[in-house]
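Visitor: have a look; sequence and predicted model below, questions after that.
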Amino acid sequence: MPAARPLDPGTLLGPVWIVSPHPDDEVLGCAALIAALTDLGREVHALLITDGGLSHPNSRAYPHAHLTHTRLAEWRTGLEVMGVPEERTAALNLPDGMLEEVDPAQIQHRVRQAFAAAPPATLVLPWRRDPHPDHRATWRPVWEAAPPSARRLEYAVWLPERGDADAWPTTQEVRTWTLDTGAARLRKAQAIAAHVTQMGGIPDDPDGFTLAPQMVERALSGPELYFESLNQPVLNALEAT
């Protein structure tokens, strides 16, 4: 992995859009950044791509419609903890676990519609090779839906736990940034805890998904990890100043 530098949230211009393939990706991968940006008074918006409805497919207490409704509410609660109000959130409700089967042009069109109200000056989206198929399927349509002038940061979710050598970026691809969780650790913990369904809160589906305690602790201890393409015009302009 390329040598990392500390990220200064104050260098990121608003509006800032945080894109999550699933409810909870943003609290695991970039909650400290979101909290820092809202504390600075930046205009932060959040976009959810899938409905999160595949995490507990065998639960009778949480059939699909109830699960997706609950997970959307958990997502908004976690964002509220970090300072993002509900009116600055949008959800596309695309099928969880099947994003690769959705036409990328359709995803891009719907993302562009969401961005239209407040075109992003900064876009924070999952790392292009993060080890989850929905994360990878999210990357290109979202990247291409943003204005060319937007600065783009890619955050890691599953990369530290599941990424093989080919998943990690090279020194020729990106600049690597890190952000300590620091004073945001408590708020990040509260935001993660808002996702009750993913923290063992659905006991009638023992094969359903539960966040591993080790992953939660790594997310809380930090640092958060961000990658910025070396071919990005905004980064090149920053280098020239």
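Guide: That came through, no problem.

Visitor: where are the low-confidence patches of the protein?
Guide: 1-2, 233-241 (pLDDT under 70).

Visitor: just give me the longest helix of it.
Guide: Looking across the chain with DSSP state H, the single longest helix is helix 64-81.

Visitor: what does it rub up against?
Guide: 20, 23-24, 26-27, 31, 34, 46, 48, 51-53, 55-57, 59, 62, 86, 89, 91, 93, 187, 190-192, 194-198, 202 (CB atoms under 8 Å, 6 or more residues apart in numbering). C-beta: built from backbone N, CA, C; applies to glycine.

Visitor: from the residues you listed, which would you call buried?
Guide: Using 16 or more other CB atoms under 10 Å as the burial test, those include 20, 23-24, 26-27, 31, 34, 46, 48, 51-53, 55-57, 59, 62, 89, 91, 187, 190-192, 194-195, 197-198, 202 as buried.

Visitor: the contacts of helix 64-81 in helices, which ones?
Guide: Using DSSP H, these in helices are 26-27, 31, 34, 187, 190-192.

Visitor: can you get me a residue count around A90?
Guide: Per other CB atoms under 10 Å, the neighbour tally for A90 reads 16.

Visitor: report how many residues lie close to the closest residue to it other than its chain neighbours.
Guide: Leaving aside its chain neighbours, A90 sits nearest to A114 (4.5 Å; criterion: CB to CB, 6 or more residues apart in numbering). Counted with other CB under 10 Å, the neighbours of A114 add up to 22.

Visitor: those strands in the chain, which residues are they?
Guide: Secondary structure of the chain (DSSP state E): strands located at 4-6, 16-20, 44-50, 89-94, 122-126, 151-155, 174-179, 224-229.

Visitor: most tightly packed of those?
Guide: strand 16-20 (a mean of 28; mean count of other CB atoms under 10 Å).

Visitor: who touches it?
Guide: Contacting residues not belonging to strand 16-20 are listed as 26, 30, 34, 37, 42-49, 75, 84, 111, 115, 118, 120-126, 138, 142, 146 [CB under 8 Å, 6+ apart].

Visitor: between that strand and strand 151-155, how many degrees?
Guide: Orientation note: strand 16-20 sits at an angle of 30 degrees relative to strand 151-155 (axes from the mean of the first three to the mean of the last three CA atoms, to 10 degrees).

Visitor: partners of strand 16-20 in the sheet?
Guide: Strand 16-20 has its sheet partners listed here by DSSP bridges as strand 44-50 (parallel), strand 122-126 (parallel).

Visitor: quick one, the first one and strand 89-94 angle?
Guide: Between strand 44-50 and strand 89-94, the angle formed by their directions is 10 degrees, by the same axes, to 10 degrees.
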